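Student: Predicted model and sequence below, questions to follow.
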Amino acid sequence: EKQDGDVLQKSFKEMISTLPKGNSWGFPGDVYQYQGFWFSPPFLQGALLAQQQFQAQPTDIILCSSPRTGAAWLKSLTFSTITRTTYDDSTTPLLSKMPHDVVPYMEFDHIQFSTNRHLGIPLLATHLPYSFLPRSIIDSGCKLIYICRDPKDTFVSLYHIVARYNKSQNTQPIQLDEARFKKASVRYWKASLERPDKLMFLKYEDLAEDTVSYLKKIAEFMGYPFSSEEQQQNVPENIVKMCSFDNLSGLEVNKTRRHREGYENLRIENNIFFRKGKPGDWKNYLTTEMAQRLDQRTMQKWSSSGLSL
Ligand code: A3P
């Protein structure tokens, strides 16, 4: 089996080396264009492997997002909701693992995912565009939650992570015109209109505005609704508090430890994932002209689908 895996990886590598290459925003290595989207080689290899091997089950719940749009927050909220009778505030794994380690990414970790299923935690995350999802995800009828964010804030968030990641390297900061993350939302948006029982489309800004109400909707959608007794006991409110930016970013694990310790090029400090956690922070970084340019480009991609900021 290992040999099959090696052969597969080699054929992916060969295929990737023939693709158009692009600027990687200063991250190590290049990115490659495949079917209209840009991927780093480990991510694209993981995506191709997942397409071939990932077998979704009808009970799976897949958390989908572009980078820097609130995945860690969504992971912590959904994880806490699903495990609320197994753990409490003093035993939750969120105290010792960062959210990205509690809910793995399909592109990197789907092979280990069955372990989580056995524990009754059917959550998996992905950055894949809708058209790239393994066929079994659509065929199985499992549920998807997509989180979308104002591209201006996503850009600012990405800018900062790239800058921090490359502190030691003399690379160019990401340019506004390189922001390539607007297109993915439209396809997910359309799918959520076609199959609202299977795909929930969330916006980071809405979630920030009224986290408790949205958490209740998320719980209902996932099939883990809060009972009236739980609501009386403020269970949703307590989950929101546990998963708040202030609480999670203050935990020792998120302040001092590292994510993906085993991957040389992807190893990263946990605290990079917690910057400010505020909608509208772009106002502190982008000029009016830059903001207008990004909005215009977003609307070019979004407007015909009815998706708006
Ligand atoms: P900022 O850089 O604007 O602060 P992702 O998890 O998809 O990489 O998204 C990262 C963004 O979500 C960052 O935004 C990060 O600070 C913010 N974030 C992380 N945890 C959060 C939480 N618990 N609540 C709200 N925002 C959070």
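Tutor: Nice, thanks for sending it over.
Student: Can stretch 188-206 be said to contact the ligand?
Tutor: No: shown here: stretch 188-206 not in contact with the ligand (C-beta under 6 Å from any ligand atom), separated by at least 7.3 Å. Quick note: C-beta positions are derived from backbone N, CA and C, even for glycine.
Student: mind showing which ranges of the stretch 151-300 of the chain have poor pLDDT?
Tutor: Applying pLDDT under 70 to the stretch 151-300 of the chain flags residues 167-182, 262-266.
Student: so where do the strands sit in it?
Tutor: 199-203, 258-259, 268-269 (DSSP state E, counting those that start in this stretch).
Student: Strand partners (parallel or antiparallel) of the second one?
Tutor: The pairing partners recorded for strand 258-259 under DSSP bridges are strand 268-269 (antiparallel).
Student: Quick one: residues in contact with the strand it pairs with.
Tutor: Residues outside strand 268-269 that contact it (C-beta atoms under 8 Å, 6 or more residues apart in numbering): 165, 257-260.
Student: Is it correct that residue 90 falls within a strand?
Tutor: No: applying DSSP: H, G, I helix; E, B strand; the rest coil, one finds residue 90 to be coil, outside a strand.
Student: Return the residues of the chain in contact with the ligand.
Tutor: Listed as neighbours of the ligand in the chain under the rule C-beta under 6 Å from any ligand atom: 65, 67-73, 153, 157, 160, 243-245, 248, 273-277, 281.
Student: just the buried members of these?
Tutor: 65, 68-73, 153, 157, 160, 243-244, 248, 273-275, 277, 281 (16 or more other C-beta atoms under 10 Å).
Student: Return the subset of the residues you listed lying in helices.
Tutor: Those of these mapping onto helices are 71-73, 153, 157, 160, 248, per DSSP state H.
Student: ok, back up a step: take the strands of the stretch 151-300 of the chain and write them to TSV, including mean neighbour count.
Tutor: Putting those into TSV (neighbours: other C-beta atoms under 10 Å) gives the following:
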stretch	mean neighbour count
strand 199-203	21
strand 258-259	16
strand 268-269	16
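Student: would JSON lines of the ones you listed with distance to residue 39 be doable?
Tutor: As requested, the strands of the stretch 151-300 of the chain are exported to JSON lines (distance: least, C-beta to C-beta, whole Å):
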{"stretch": "strand 199-203", "distance to residue 39": "23"}
{"stretch": "strand 258-259", "distance to residue 39": "20"}
{"stretch": "strand 268-269", "distance to residue 39": "18"}
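Student: show me what contacts the residue nearest to residue 283 when sequence neighbours are not counted?
Tutor: Of all residues not flanking residue 283 in the chain, residue 291 sits nearest, at 7.9 Å (C-beta to C-beta, 6 or more residues apart in numbering). By C-beta under 8 Å, 6+ apart, the residues touching residue 291 are 152, 282-283.
Student: and which of these is nearest to the ligand?
Tutor: When the contacts of residue 291 are ranked by distance to the ligand (C-beta to the nearest ligand atom), residue 282 comes first, at 8.7 Å.
Student: So what's the residue count around the closest one?
Tutor: Neighbours of residue 282 under the rule other C-beta atoms under 10 Å: 19.
Student: just residue 79 next, same as before
Tutor: Counted with other C-beta under 10 Å, residue 79 comes out at 24.
Student: shouldn't it be in contact with residue 119?
Tutor: No: if you go by C-beta atoms under 8 Å, residue 79 and residue 119 don't touch, sitting 11.1 Å apart.
Student: Pull up the gap between residue 206 and residue 309, please.
Tutor: As for residue 206, its distance to residue 309 is 11 Å (criterion: C-beta to C-beta, to the nearest Å).
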